[in-house]
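> Sequence and computational prediction follow.
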Amino acid sequence: MDASTLLLLAILLLLIFFVLGLIAPQKFTTLGGGSPHRGKAFLFYLVPAFFLFLWLGSVAGSVEQAQDDPESVTHLYLDEKGLRELPDYVAKCVNLEVLDLSDNSFDEIPEELKKLSKLRVVDLTNNPISYLPDWLLEMEALDELDLSGTKIDSTSSVLISQLRKADIDVLYEETPFSEVLKSKKADPDSEEADAKPDDEHSEGFLEFAKRKLLYGGEDYRRKYGKGEIYYERGIEKALVDSLGAALTDIGLFTEEKEVTVKLVKVDDLFQVKVVTIYESADDLSVEEEASWQFITVIIAGRTFDGEKMEVHLCDVELNVLKEIPSE
């Protein structure tokens, strides 16, 4: 039962209460003693109920209010409306703080929301959403984002971690992503989840750097946060910087993460070799492979502009464990 239905039921009950008070005031005035008196019932019981009735009526009509006077609306409930797209009038609700879009048919988060600068709470429960856009980080007023019951999976882990570090409460119960976390018994931005991979990676890379890169002769290096890209002679620095910017935006290169990438070109194919903590291809789960597939598509679109490329997940000795093509 949606919120508007509940409000209508509440209004109906208050109306019945109001009418009964006028017809049989003794029912309301003899409970605490004293004689029945219609005026007493009206003043002490029914007037407050009547004003509550009017208030509920105004709330129940918030959709009409949003259409007629959008700037006056701060809370809008559009749950269970069968929506696939956001109604045009929502973008005009410039003072909107709470928006309920639960139990609809959105397969992506409407981009119009980023223009609502006062929006604090967005409820997208039970929508077939599987992708989270980067522009969510631009919503400065956002406090709570409910994605429970959606189709988000581990490909959203980086952005969810960034949102939560920005003090945004992200809810994702009963999603493929929450099931992955339960199986790993870890939170995407918890210290326990981050510490072990970072420590193992740092230790492995020291050995890797001595043996593979620092004495390679023709490899150049550019740093991005704690991450770094080694690249071969002949590859333009602009391309390397574009790749570094893409990996930074994705969350692979940060001030906290020490990730190493080697960029090479074999014939007409670019290979982005990512040093991982995996020791064999069997260590890579289905969910993690899907996440890397998503990352590969983003890198291809942002950096290589139609050029052939693929990501190679490697061990610390640059042995390829898994090839992730961009198509």
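That came in fine, so what should we check first?
> Asp146 - how many residues pack around it?
20 (other Cβ atoms under 10 Å). From N, CA and C alone the C-beta is placed, and that goes for glycine too.
> Ser280 now?
10.
> isn't it right next to Leu321, touching?
Yes: the pair formed by Ser280 and Leu321 meets the contact definition of Cβ atoms under 8 Å, at 6.4 Å.
> mind listing the helices for the stretch 201-327 of the chain?
Listed in chain order, the helices of the stretch 201-327 of the chain (DSSP state H, counting those that start in this stretch) span 237-250, 286-299.
> So what angle separates the directions of the first one and helix 286-299?
Angle, helix 237-250 to helix 286-299, by axes from the mean of the first three to the mean of the last three Cα atoms, to 10 degrees: 140 degrees.
> about what we covered before: let's have the helices of the stretch 201-327 of the chain in CSV, adding distance to Ala66 and mean pLDDT.
Listed next are those as CSV, based on distance: least, Cβ to Cβ, whole Å; pLDDT from 0 to 100:
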stretch, distance to Ala66, mean pLDDT
helix 237-250, 34, 86
helix 286-299, 35, 86
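> Put together JSON lines for those, with distance to Ala166 and mean neighbour count on each row.
Formatted as JSON lines, the helices of the stretch 201-327 of the chain follow (distance: least, Cβ to Cβ, whole Å; neighbours: other Cβ atoms under 10 Å):
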{"stretch": "helix 237-250", "distance to Ala166": "15", "mean neighbour count": "17"}
{"stretch": "helix 286-299", "distance to Ala166": "20", "mean neighbour count": "18"}
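> Can you tell me which of those is nearest to Ser117?
Closest of the helices of the stretch 201-327 of the chain to Ser117 is helix 237-250, at 22.3 Å (criterion: Cβ to Cβ).
> which strands and helices sit next to the closest one?
With contacts defined as 3 or more Cβ pairs under 8 Å, 6 or more residues apart in numbering; DSSP states H and E, helix 237-250 has these neighbours: strand 220-224, strand 227-231, strand 260-266, helix 286-299.
> Flag every buried residue along the helix or strand where Ile160 lies.
Assigned by DSSP states H and E, Ile160 belongs to helix 157-165. Neighbour counts over helix 157-165 (16 or more other Cβ atoms under 10 Å) mark Ser157, Val158, Leu159, Ile160, Ser161, Gln162, Leu163, Arg164 as buried.
> Also stretch 132-139?
Buried residues in stretch 132-139 (16+ other Cβ under 10 Å): Leu132, Leu136, Leu137, Met139.
> Report how many residues lie close to Gly82.
Gly82: 7 neighbours (other Cβ under 10 Å).
> excluding its backbone neighbours, what's nearest Leu243?
Thr303 (4.8 Å; Cβ to Cβ, 6 or more residues apart in numbering).
> roughly how far apart are the one you found and Val264?
Between Thr303 and Val264 the computed distance is 14 Å (Cβ to Cβ, to the nearest Å).
> Compare these two and say which is more crowded by neighbours.
Set side by side, Thr303 and Val264 show more neighbours around Thr303, with 21 against 17, by other Cβ under 10 Å.
> just to revisit the earlier point, I'd like the helices of the stretch 201-327 of the chain as a markdown table, with distance to Lys114 appended.
Listed next are those as a markdown table, based on distance: least, Cβ to Cβ, whole Å:
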| stretch | distance to Lys114 |
| --- | --- |
| helix 237-250 | 16 |
| helix 286-299 | 19 |
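> for those helices, which one sits closest to Phe177?
helix 286-299 (8.5 Å).
> Could you name the helices and strands sitting against the closest one?
helix 237-250, strand 308-314, strand 320-325.
> do that again at 6 Å, thanks
Where contact means 3 or more Cβ pairs under 6 Å, 6 or more residues apart in numbering; DSSP states H and E, helix 286-299 is packed against strand 320-325.
> what's the average pLDDT for the strand it packs on?
When pLDDT is averaged along strand 320-325, the result is 90.
> Can you tell me the strand partners of that strand and which way each runs?
strand 308-314 (antiparallel) (DSSP bridges).
> Can you show me the strands along the stretch 1-150 of the chain?
75-77, 98-100, 121-123, 144-146 (DSSP state E, counting those that start in this stretch).
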